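>>> Sequence first, predicted coordinates after that:
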Amino acid sequence: MIIKHLLAHKKKAIVLSLVYTCILTYYCLKQSPITIELPSQSDKILHALAYFVFTIAWFLSFKFTFNFTKLKSLITVFCLAVLFGIFIEYLQYTLTNHRQADILDVLANTFGTILAVILLKFTFNDR
């Protein structure tokens with residue numbers, strides 16, 4: 001439904017991408033007021049899902065706002081998402097004392113990105 005709305009209003013894709021990126025950054029760096037005990041490594045599903053959405057949002061931005069080709073959009077968004085995931089982990093390590101960097105988070109982020117790229121490659125028509 002969100003993707004259908006974006007397709008109808010292509011110029012809004014960049015706004016959605018920027019807002020989502022700001023929200024994702026905030027939640028990755030903020031201190032949680034409560035501590036929730038999750039089963040071991042279950043937060044990795046949330047990481048993968050967050051970067052799956054991040055990848056799709058930025059793909060639509062590159063494709064529609066900047067008129068990139070499908071291939072150029074996929075390559076650009078893949079690099080952006082992986083580097084952004086690494087950068088967030090670095091910020092957690094350097095700027096916070098309540099979060100810690102985790103290579104498994106980077107891998108989960110990258111996995112979500114790869115899934116989104118595969119989905120977009122095979123389902124999105126390049127016109």
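Alright, I've got the coordinates.
>>> What's the first helix or strand after the helix or strand of the chain with the lowest mean pLDDT?
Every helix and strand in the chain was compared by mean pLDDT, DSSP states H and E; the lowest is helix 2-8, with a mean of 56. Sequence-wise, the next helix or strand downstream of helix 2-8 (DSSP states H and E) is helix 13-29.
>>> now whatever helix or strand residue 87 lives in, how far from the chain's geometric center?
Here residue 87, judged by DSSP H and E, is contained in helix 70-95. Mean C-alpha position of helix 70-95 versus that of the full chain (C-alpha atoms, centre = their mean, to the nearest Å) differs by 8 Å.
>>> List of residues touching the next helix-or-strand element following that helix?
Heading C-terminal from helix 70-95, the first helix or strand you meet, by DSSP H and E, is helix 103-123. By C-beta atoms under 8 Å, 6 or more residues apart in numbering, the residues outside helix 103-123 that reach it are 41, 43-45, 47-56, 59, 70, 74, 77-78, 81-82, 85-86, 89. (C-beta placed from N, C-alpha, C; glycine too.)
>>> Noted, bye for now.
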